[in-house]
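Enquirer: quick one, fold the following:
(2 chains)
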Amino acid sequence: MKRVTTGLCAAALTAMGAAGTAQADSDEPILITMNNWTSQNVLAYVTGDLLAKLGYEVEYVPSDTQLQFQAIADGDMHFQVEVWEGSMLNAFEKAKATGGLVDMGDHDAVTREDWWVPAYMVEKCPGLPDWKALDRCAELFATAETSPKGRFVGPPADWGKHYSERIESLGMNFEEVPVGQAATLWAELQAAYDREEGVVLFNWTPNFIEAKFDGVFVEFPEYEAACLSDPAWGINKEMLYDCGAPASGWLKKAAWAGVEEDFPKAWELFGKMNFTNAQIAAAAAMVDVEGISPEEAAQKWIGENEAVWSAWLPK
Amino acid sequence: MSVRSAGLEEGKPVPSPAVPIAVGVALLVVVLAIFNPAWSDRWPESWEIPLAAWTTSAFQWLANDLSFGLFTFRNLTRGIAWLLDRPFDLVEGVLFRGFRGLGLGPIPWLALSLALGIAGYRLGGTRLAMLAALGVAYLAIFGVWKDSMRTLSLVAVTVPLAALVGIGLGVLATRKARAEKILQFLFDIMQATPHLAYLGPVAAFFGFGSVPGMIATAIFAMPPMARCTILGIRTVPDSVLEAGVMAGCSPRQLLWRVQLPAAKRTLLVGVNQVIMQTLAMAVIASLIGASGLGHKLLFSLQQLQLGKAIESGVAIVIMAIVLDRLSQAWAKFTPNHLEEEKVWWQRHRALLSVIGTVIVVSLLSMALPFLAKLPKSLTITTAPFWDGGIRWMSKNLFDYLEFLRDDFTLHVLIPLRNFFLWLPWPALAGFVGILAWRIGGTKPMLISLGLLLFILVTGFWVPAMMTLYLTSLAAVICMGLGVPIGIWSARSPSASKVILTICDTLQTFPSFIYLIPVIMLFRVGDLASLVAIIGYAMVPAIRYTNLGLSRVPPSVVEAARASGTAKRQMLFKVKLPMAMPEIMLGLNQTIVLALSMTAITALIGSRDLGQQILKALPDLDTGRGLLAGLCIAAIGLIASQMIESWVKQRKKQLGLSG
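Expert: Numbers count the residues shown, from 1 in each chain, chains lettered A, B, ... in the order given. Predicted coordinates for the structure are as follows:
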């Protein structure tokens, strides 16, 4: 049986207990945050299914990626399985500072967010993925509005990426055109990909995009912390941001502080859960490539990876 | 204007405002260009009032710190949310969750389909019955059942809530003149504010999830109900009231026993409006956590699964059509009073057969589970078709649109945008002030200038200019295309049928979906936003033109024909001038829709007020989002009050009644 949101009442709980699952330490439902990308959804359902094995009742709450942290700190939601360094750092830190939200540790999986080009552009512009080659080929990426400069389709302006500064700092012949939301990036990519046109845009990994489109991240001067704090660092001696993003950012879990007291077994599980890049990509691919629903993908993953998740369950 | 040649006016002709305005503004611009003081270029920051920051702090204080001693404001809002969650839980249980404790499953799809079919038959006959039953069956067969039922739960709780609040406020307005003034003013602002701007304040107080989504939807959908209530009570004939008073009704009895029942039809029109607004809000409410078709649609868009997004969109449209037709039929439905003499089961046979059907189908579905829930293998999907279609379009049409993307962008959009950004604020204020004064006199002038001042002091001038640039260009293009289409549809009944159906679909279809194909064809930028805005905002231009032309009194047309008017003259010298007031109301609606669409095209990427609203949401910057929304409303109100006073005068001159 699929379980999306479960309004289980006591009778059903006892029935589940009889079916051989552990007894929960609370009747209240655990609220799991649901975002709008595939891997997060599959992992959220995996978490929910594991909680059900512990006897908990689970509800899934759709939420915005930035607003969710305040909601978790307030106890309106209880657990987020994917916290991204690149795009969520600020909102996460802000909520953590209030004491309501707790950092539940890192996954083994690493994340990367940076400029990205489709594979066919590597043939059209020899030298890619090096950023200097990209700069030389700027005209391949130009549009009427940016010509003669190349156009970089950037992330929403509030994601705090400083790409315009990077362009200036590295003296690149490019102009950033920010989108309003991620879906716009993929629409641009799909349209350009179908016609094999020049496009360089913001992308990240792990992401469902990898399963659909072939391409590479542009290699900028390697990231060091000093690049963001010391102008003298790097190629441009007077400006910050003359480097790429970290090639391996963290991916964390976050929970409401009250979980420890209200749902102690769940708290233990949250602390131990740990996914790798390969597991996340495979989970997303079940949905984006095979076309099954996120709930079904979660069940399939649980069926195939008992050795992995059984180690996470509290004894 | 060749209006005067119609020779139909009774009052004084309106003096053409064009010349003095042009002279005045030209002078102002020349003076400013010569002296170019810094304050005219940009409104100085020191003259700004940090209203946005204040509002945000006020919301934070309310949400986190305000306490009434025994309980906090937060307890209060959460308490309200909890209370609203009760009926919601119940409806969700009936429609898609079931009651496991009682061993009851959710209502089988076939039972709901037949139940609405029976309701349709009772209210409007066979055709409506077929429409309702097949509409519901579609949702099951196309595999969107569960999400549709989530959305239907939202509708089922929101509509009564919004209707009750609306009726209450409407009744209040008919009792107290001052209350009416304040309420009408509030409703004007609310209806001119884009839906997106409602989300921030609601999220600040009520948090996330389906209940806050429902609250935002109810607030958005309520004003038409209140307006219909006011109208309904006002139009109860005096004779009916007299009869009530003579029969010795107390004021309370008069309201409940006479006024409200007599106004039933108008009230039901209001309910119909509320239903449509609720569905229009379905996608936007999912941004603060309402689940259902809207959430599914946004999720699919994020994954670039256009086909699935379109399927969800179509499901919303179908639900809207079924509920619209049913509620319209209900508004027109006259119960047969002869039936009251029959025994009760004869009077209630429709209700009884609904109950019977639900029980029978539920029992049957125990043996035949596909009656309750269609297995995936029996559902149909059209997603690959839509996906393929859109990608084919983007591949093959892209090259033909080169001239638009390049030439139009370079030679029209960019210069126009630069012009609006360059325009010193005193010049624009002068233009608007003089125009408002020429059209309506001192009062509209003062209101317009006050609204402009609001935009200036809140510090949203630059994004407001970006909004003005896109919406005014969109409005011009909408009228340029929409009026001829409206004329065409007024001439030929067969064309009119097709055109009006397309208009209906365009307006109910969630506008989010237009964004993706538009981006694929026009790339991220103002052109893509412009095209999406035009697609959404052109409908009223067509509709009101059609309406205005078909309302020209036949006697006038006859008189003109008798005096030997040629076909062409008939259109340009008689019909169009007579229809002009309606067409201008169409322009007004077009402007309002274009403004609210800019909040959605912000998702493409823009630098206007819409973007401010969109960005304020994740930052919990309630004040910024709300004020940016009010600035959009201010632009809309400047336009509508000028248009309305023009229309009023014009109608008087043409001898048309209000």
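
Enquirer: only C-alpha atoms for contact and neighbour calcs from this point on.
Expert: Will do.

Enquirer: which regions of chain A lie under the pLDDT threshold?
Expert: Within chain A, the set of residues satisfying pLDDT under 70 comprises A:1-25, A:158, A:160.

Enquirer: let me fix that: chain B
Expert: B:1-22, B:33, B:36, B:40, B:335-342, B:657-658.

Enquirer: assign a three-state SS to the most centrally placed residue in it, would you?
Expert: Centroid-nearest residue in chain B: residue B:277, 6.1 Å away (criterion: CA atoms, centre = their mean). Three-state call for residue B:277 (DSSP: H, G, I helix; E, B strand; the rest coil): helix.

Enquirer: pull up the residues of the stretch 51-200 of chain A that are close to chain B.
Expert: Within the stretch 51-200 of chain A, the residues that sit near chain B (CA under 8 Å from any CA of the partner chain) are A:61-67, A:71, A:76, A:144-145, A:156, A:158, A:177-184, A:186-188, A:190-191, A:194-195.

Enquirer: quick check: PyMOL command selecting the buried ones in those.
Expert: Buried members of these, defined by 16 or more other CA atoms under 10 Å in any protein chain shown, are picked up in PyMOL with:
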select buried, chain A and resi 61+62+63+64+65+66+67+71+76+144+145+156+177+178+179+180+181+182+183+184+186+187+188+190+191
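
Enquirer: which of the residues of the stretch 51-200 of chain A next to chain B fall in strands?
Expert: In this view, these that belong to strands under DSSP state E are A:61, A:62, A:177, A:178.

Enquirer: contact partners for the third one?
Expert: Neighbouring residues of residue A:177 by CA atoms under 8 Å, 6 or more residues apart in numbering or on different chains: A:151, A:152, A:153, A:154, B:524, B:525.

Enquirer: re earlier: the residue nearest to the centre of chain B: what's its closest spatial neighbour, skipping adjacent residues?
Expert: Nearest residue to residue B:277, sequence neighbours excluded (CA to CA, 6 or more residues apart in numbering or on different chains): residue B:221, at 5.3 Å.

Enquirer: same check on residue A:83?
Expert: Setting aside the residues directly before and after it, residue A:83 is nearest to residue A:252 in space (CA to CA, 6+ apart), at 4.8 Å.

Enquirer: who does the helix or strand the one you found falls within touch, helix- and strand-wise?
Expert: Using DSSP states H and E, residue A:252 sits in strand A:251-256. If you count contacts as 3 or more CA pairs under 8 Å, 6 or more residues apart in numbering or on different chains; DSSP states H and E, strand A:251-256 packs onto helix A:68-73, strand A:79-84, strand A:101-106.

Enquirer: possible to save the ones you listed as JSON lines with distance to residue B:176?
Expert: Formatted as JSON lines, those follow (distance: least, CA to CA, whole Å):
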{"stretch": "helix A:68-73", "distance to residue B:176": "41"}
{"stretch": "strand A:79-84", "distance to residue B:176": "50"}
{"stretch": "strand A:101-106", "distance to residue B:176": "49"}
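
Enquirer: wouldn't residue B:143 be in contact with residue B:383 here?
Expert: No: contact criterion CA atoms under 8 Å: residue B:143 and residue B:383 do not qualify, at 11.1 Å.

Enquirer: okay, those two: which has more neighbours?
Expert: Taking other CA atoms under 10 Å in any protein chain shown, residue B:143 and residue B:383 do not tie; residue B:143 has more neighbours (22 against 18).

Enquirer: what about the closest residue to that one other than its chain neighbours, distance to residue B:364?
Expert: The shortest distance from residue B:143 to any non-neighbouring residue, by CA to CA, 6+ apart, is to residue B:379 (5.3 Å). Using CA to CA, to the nearest Å, residue B:379 is found at 20 Å from residue B:364.

Enquirer: what's the domain layout of the chain?
Expert: All of this is about chain A. A:10-110+A:250-310, A:112-228 (automatic domain parsing).

Enquirer: wait, chain B was what I had in mind.
Expert: B:146-309, B:390-654.

Enquirer: make sure residue B:542 is actually in contact with residue B:480.
Expert: No: the pair residue B:542 / residue B:480 is not scored as a contact, 10.1 Å apart, by CA under 8 Å.
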